[in-house]
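Engineer: model the following, please.
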Amino acid sequence: MEIIKSGTRIDFVGLRYFAFGFSCLLILAGIFSLIIKGPKFAIDFAGGTLIQIKAAQSVTIDAIKKGFEKVNLEGTAVQQIGSASDNEYLIRAKTPADTGKDFSEALQADLAAATGAKVDVQRVEMVGPQVGKDLRSKALYALFYSLVFIAIYISGRFEQKWGTSGILAALITGSVYMVSLFNVSIPFLILLALVVTLLMFWQLRLKYAMGAIVSLIHDVTITIGALSLFNYEFTLSIVAALLTLIGFSLNDTIVVFDRIRENIKKYPRLPMNEIINRSVNETLSRTILTNLTAWTTVVCLFFLGGEITRDFAFSMVVGVFIGTYSTIYVANPILLMFKDEGGGGQVAPAAAR
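Structural biologist: Down below sits the predicted model:
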């Protein structure tokens with residue numbers, strides 16, 4: 001099915017500088033929010049206790065807090081979820097609770113006495129501070145290695161440099177492991193490793209890998225910034241969403257890269273910017289249909305999926321949109337930085353476009 005007529009020639013490359021400005025604005029807004037607010041970690045990463053309750057009738061938040069006085073949890077915060085008629089609440093505490101066998105029964109009795117209503121404890125989650133710290137580290141490593149190994153796969157597939165890619169993978173993995181033994185801050189270590197990885201890709205002229213990894217870093221950074229701007233907590237569900245987003249965005253990038261590689265062979269005298277424009281236009285119907293379908297699905301999940309899936313759905317709503325945009329306006333223009341290595345090698349003058 002084609003919703004874009006064949007022969008369409010939209011000048012995507014010509015708009016790349018406006019796109020760069022838009023991307024910078026989004027990234028800076030997210031970074032500014034993270035600096036001002038700091039990352040808002042859920043109990044998955046910060047440690048603590050999460051309790052979800054449902055009352056048989058309307059109760060007040062003050063009454064719920066009174067019912068928790070006997071539990072001795074520090075930093076208790078009560079939040080109503082769903083509609084007012086649902087009478088459902090999330091209680092977060094900074095300290096882990098002793099969630100033994102009789103914990104839920106005793107808590108239900110205390111809440112019933114304080115609120116005057118039957119209260120059902122629907123779930124109790126407890127994470128210790130050390131476990132939360134370990135989960136934060138593992139989440140960062142998961143994001144980092146997914147980005148790096150995907151980029152290395154791209155360089156092997158599109159540029160047939162499997163040997164170079166394998167050596168590069170071993171060097172990056174070994175270096176990160178060795179530096180981590182010196183108790184270096186994990187975020188700083190990951191940032192330094194990404195910078196070194198990009199420099200190595202540039203030095204080795206791995207243009208497709210460079211385009212892919214810059215695009216994926218762009219998508220993850222903007223999505224994290226959006227989560228901070230809208231006050232979402234960082235949970236394991238969001239890490240899952242970010243990893244899903246990386247795979248989704250990469251799939252779109254590979255489709256366009258495949259067409260670019262085909263068109264380079266088909267039109268060897270054509271300038272690189274014209275090849276990119278032609279390739280994006282030729283795959284535009286597929287991009288719109290695939291990504292619009294996925295985006296519609298996650299929008300429905302966001303509005304209808306309930307509180308439990310809302311953070312995951314929001315991450316995907318932002319990420320699918322940004323991932324589609326970055327394939328066209330981030331990954332592909334990176335190839336122009338290597339314009340001397342294929343496809344005619346020169347950017348056509350404005351008059352020619």
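Engineer: kindly export the helix or strand hosting Thr173 (C-alpha atoms) in PDB.
Structural biologist: In this assignment (DSSP states H and E), Thr173 forms part of helix 162-180. Once side chains and other backbone atoms are set aside, the C-alpha atoms of helix 162-180 remain, and they are given as PDB (Å, rounded to 0.1, in the frame of the first residue of the first chain):
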ATOM      1  CA  TRP A 162      33.100  -7.600  10.800                       C
ATOM      2  CA  GLY A 163      36.700  -8.100  12.000                       C
ATOM      3  CA  THR A 164      37.000  -4.400  12.900                       C
ATOM      4  CA  SER A 165      33.600  -4.500  14.600                       C
ATOM      5  CA  GLY A 166      34.500  -7.500  16.700                       C
ATOM      6  CA  ILE A 167      37.800  -6.000  17.900                       C
ATOM      7  CA  LEU A 168      36.100  -2.800  18.700                       C
ATOM      8  CA  ALA A 169      33.400  -4.600  20.700                       C
ATOM      9  CA  ALA A 170      36.000  -6.400  22.700                       C
ATOM     10  CA  LEU A 171      38.000  -3.200  23.400                       C
ATOM     11  CA  ILE A 172      35.000  -1.300  24.500                       C
ATOM     12  CA  THR A 173      33.700  -4.100  26.700                       C
ATOM     13  CA  GLY A 174      37.100  -4.700  28.200                       C
ATOM     14  CA  SER A 175      37.800  -1.000  28.800                       C
ATOM     15  CA  VAL A 176      34.400  -0.400  30.500                       C
ATOM     16  CA  TYR A 177      34.900  -3.400  32.700                       C
ATOM     17  CA  MET A 178      38.400  -2.500  33.700                       C
ATOM     18  CA  VAL A 179      37.500   1.200  34.600                       C
ATOM     19  CA  SER A 180      34.500   0.000  36.500                       C
END
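Engineer: ok, and for it, which residues are buried?
Structural biologist: For helix 162-180, the neighbour count (16 or more other Cβ atoms under 10 Å) marks 164-165, 168-169, 172, 176 as buried. For glycine as for every other residue, the C-beta is placed from the backbone atoms N, C-alpha and C.
Engineer: kindly report the same for stretch 69-82.
Structural biologist: Taking 16+ other Cβ under 10 Å as the neighbour-count basis, stretch 69-82 is seen to contain the buried residues 71, 73, 76, 78.
Engineer: from the chain's centroid, how far away is stretch 54-69?
Structural biologist: 36 Å (Cα atoms, centre = their mean, to the nearest Å).
Engineer: that one: end-to-end distance?
Structural biologist: Taking Cα to Cα, to the nearest Å, the first and last residues of stretch 54-69 lie 18 Å apart.
Engineer: before we move on, back to that, distance from the chain centre to the next helix-or-strand element following the helix holding Thr173, please.
Structural biologist: Reading on from helix 162-180 to the C-terminus, the next helix or strand found by DSSP H and E is helix 186-203. The gap between the average C-alpha position of helix 186-203 and the chain average comes to 18 Å, counting by Cα atoms, centre = their mean.
Engineer: got the angle between helix 186-203 and helix 162-180?
Structural biologist: 150 degrees (axes from the mean of the first three to the mean of the last three Cα atoms, to 10 degrees).
Engineer: what sits up against helix 186-203?
Structural biologist: The set of residues external to helix 186-203 that reach it, using Cβ atoms under 8 Å, 6 or more residues apart in numbering, is 136-137, 140-141, 143-144, 147-148, 151, 155, 168, 172, 175-176, 179-180, 209-210, 213-214, 217.
Engineer: alpha carbons of that helix, as CSV, please.
Structural biologist: Listed next in CSV are the C-alpha coordinates belonging to helix 186-203 (Å, rounded to 0.1, in the frame of the first residue of the first chain):
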residue,chain,number,x,y,z
ILE,A,186,28.6,4.7,36.6
PRO,A,187,26.9,7.6,34.8
PHE,A,188,30.3,9.3,34.2
LEU,A,189,31.8,6.0,33.0
ILE,A,190,28.9,5.4,30.5
LEU,A,191,29.2,9.0,29.2
LEU,A,192,33.0,8.7,28.8
ALA,A,193,32.6,5.3,27.1
LEU,A,194,30.0,6.7,24.6
VAL,A,195,32.3,9.6,23.7
VAL,A,196,35.2,7.3,23.1
THR,A,197,33.0,5.0,21.1
LEU,A,198,31.9,7.8,18.8
LEU,A,199,35.5,9.0,18.3
MET,A,200,36.5,5.5,17.3
PHE,A,201,33.7,5.2,14.9
TRP,A,202,34.7,8.5,13.4
GLN,A,203,38.4,7.6,13.2
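Engineer: cheers, nothing more for now.
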